[in-house]
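Q: coordinates for the following, if possible.
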Amino acid sequence: MKPTLLAVAALAAALPAQTKTFALPSGAEKVQTKIYDSYLGSAATNMPVHVQTGYATSEAPVAAAKLLSLTLRRNNYYGNNIYASTTDVAVHMSTNAADTKSWSSTFANNEGTNRAQVYGSGGNTKTLNRPAAPYVNNGQQPVPFALKVPFDTPFVFVQSSGKSICVDYYMTKRTHQDTNGREQFIILDADGAATGERVTNGGSWSACKFSNGNYNSGLSYTSGGLTDKGGTWYVSYSSLPASTPVLATISAFGVNNKPHAWPLPLNLGPLGSPTCEWRVGLETGIWIPMTSNTNGQARWPNVTIPAGLGGSSFFDHAVVIDTPTSTNKYGLATTWSSEWQIAKTYEPATVTVYKTKDTTPPATSGFVRAYQGSIAQFEY
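A: From the prediction side, this is the model:
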């Protein structure tokens, strides 16, 4: 017996509606980086917290949709477990007439005329239960979106060039403790502008000791200029003998970069330093003379990284001309060597404005983090 049209219609009505999802910033959900958002998962000691996150409407894959929820996820680059928690929060959404690059530190300026509360009602907060999201040892790959905010009232989204979605969170109370009862913040996954990275070039060299018994166990540096736009870079070596000459150099080659005229690292035993290594090339012929200060720190002068070098890297190393010892015939000891990776330009269409400890009356403005925002999955 064939089913009637009425029976088919009744069956279709009984089936749950099929929903779809998309994530913003577009493409960020496919990779796992070090960038995270701690403001939306702030500890109770920072409450109340006001956070606005903006996303470009042009990156959504649909022209219009009725949004039913948004879901965040943990940043799985870090090994911290996320424990079950509750947050008292009011969430509003609107469409801003400006793009994410033009957001203001003033909260009201980032909201559109269609501002509507999607979680909670009447401007009041509502308790949101967040499940545990333990670390997954999967090689630091992305994990599923699991920290959901189900909307009490759907938000009608319409795509428009040059405009942005404003998600406004106001949190007044939060409970979140680890198994030892310690208050924790939630490390949420986020996207952000590309930044340069420091990578150890062969590890610290604890066996290569100075006459004072120390080795170069610490570094301080700036990485702000390690982008395709260029800028300032320097590094400072610490735990050196005080008031001691230092010669430093840079190279395109290091232990991490195998192709070279000779194998690296080079053991300095023939130079009377059998416990020390040299880990960079000597092709530049550039030697920067320095002298450690009374605190045992030797700092490079500011170096201007030219624009247009995104995707490349360079290496530094230095030799300390120390007092000879029984194990270091000529007193030549080397520092900690690094690879400095210059990032290609990447500025995602997202922005965050935040204010922690936002006491009553709420502040009208916060701090802007350009090109950075939590990765959100929207259901429609």
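Q: just give the number of residues close to Ser220.
A: Neighbour count for Ser220, taken as other Cβ atoms under 10 Å: 11. For the C-beta atoms, the positions are set from N, CA and C on the backbone; glycine is no exception.
Q: same deal with the one 10 residues further on?
A: Neighbour count of Gly230, defined by other Cβ under 10 Å: 16.
Q: what do you get for the one 3 residues further on?
A: Using other Cβ under 10 Å, Trp233 is surrounded by 22 other residues.
Q: hang on, isn't it packed against Pro301?
A: No. At 10.4 Å, Trp233 and Pro301 do not qualify as touching, with contact defined as Cβ atoms under 8 Å.
Q: shaky segments in the stretch 151-300 of the chain?
A: Counting by pLDDT under 70, the stretch 151-300 of the chain shows low-confidence ranges at 178, 258-259.
Q: what segments of it are strands?
A: 164-176, 188-192, 197-200, 218-222, 231-238, 245-251, 266-267, 277-278, 288-291, 298-299 (DSSP state E, counting those that start in this stretch).
Q: need those strands in a markdown table (columns: distance to Pro25).
A: What follows is these, written out as a markdown table (distance: least, Cβ to Cβ, whole Å):
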| stretch | distance to Pro25 |
| --- | --- |
| strand 164-176 | 11 |
| strand 188-192 | 5 |
| strand 197-200 | 20 |
| strand 218-222 | 27 |
| strand 231-238 | 24 |
| strand 245-251 | 35 |
| strand 266-267 | 45 |
| strand 277-278 | 43 |
| strand 288-291 | 40 |
| strand 298-299 | 37 |
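Q: buried deepest among those, which one?
A: strand 188-192 (a mean of 24; mean count of other Cβ atoms under 10 Å).
Q: what about the helices in the protein?
A: Under the criterion DSSP state H, the chain contains helices at 5-14.
Q: name the nearest residue to Asp152, sequence neighbours excluded.
A: Leaving aside its chain neighbours, Asp152 sits nearest to Tyr119 (5.8 Å; criterion: Cβ to Cβ, 6 or more residues apart in numbering).
Q: which pLDDT value does the model give the one you found?
A: Reported pLDDT at Tyr119 in the predicted model: 98.
Q: now for the strands of the stretch 151-300 of the chain, which one comes closest to Pro131?
A: Among the strands of the stretch 151-300 of the chain, the nearest to Pro131 by Cβ to Cβ is strand 164-176 (11.8 Å).
Q: run through the neighbouring helices and strands of the closest one.
A: Strand 164-176 is packed against strand 49-56, strand 85-96, with contacts defined by 3 or more Cβ pairs under 8 Å, 6 or more residues apart in numbering; DSSP states H and E.
Q: any idea which of these is most buried?
A: Comparing the helices and strands packed on strand 164-176 on average neighbours per residue, with mean count of other Cβ under 10 Å, the densest one is strand 49-56 at a mean of 25.
Q: what lines up beside it in the sheet?
A: Listed by DSSP bridges, the sheet partners of strand 49-56 and their directions read strand 164-176 (antiparallel), strand 350-355 (antiparallel).
Q: would a markdown table of the ones you listed with distance to Asn46 be doable?
A: Putting these into a markdown table (distance: least, Cβ to Cβ, whole Å) gives the following:
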| stretch | distance to Asn46 |
| --- | --- |
| strand 164-176 | 9 |
| strand 350-355 | 10 |
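Q: thought Lys101 was touching Ala370?
A: Yes. Look at Lys101 against Ala370 with Cβ under 8 Å: they come within range, at 7.3 Å.
Q: which neighbours do these two share?
A: Between them, Lys101 and Ala370 share these contacting residues under Cβ atoms under 8 Å, 6 or more residues apart in numbering: Val351.
Q: could you work out the end-to-end span of stretch 154-174 for me?
A: For stretch 154-174, the first-to-last residue distance is 25 Å (Cα to Cα, to the nearest Å).
Q: separation between the nearest residue to Trp287 once chain neighbours are set aside and Gly296?
A: If the residues on either side of it in the chain are set aside, Trp287 comes closest to Leu247, at 5.1 Å by Cβ to Cβ, 6+ apart. Remark: distance between Leu247 and Gly296 (Cβ to Cβ, to the nearest Å) = 16 Å.
Q: check Ser374 too.
A: Distance, Ser374 to Gly296, using Cβ to Cβ: 41 Å.
Q: what about these two, which has more around it?
A: More neighbours surround Ser374 than the other of Ser374 and Gly296, with 30 against 19 (other Cβ under 10 Å).
Q: looking at that one now. What's its pLDDT?
A: 98.
Q: with Val62 instead?
A: The confidence metric pLDDT takes the value 96 at Val62.
Q: please consider this matter closed, and thank you.
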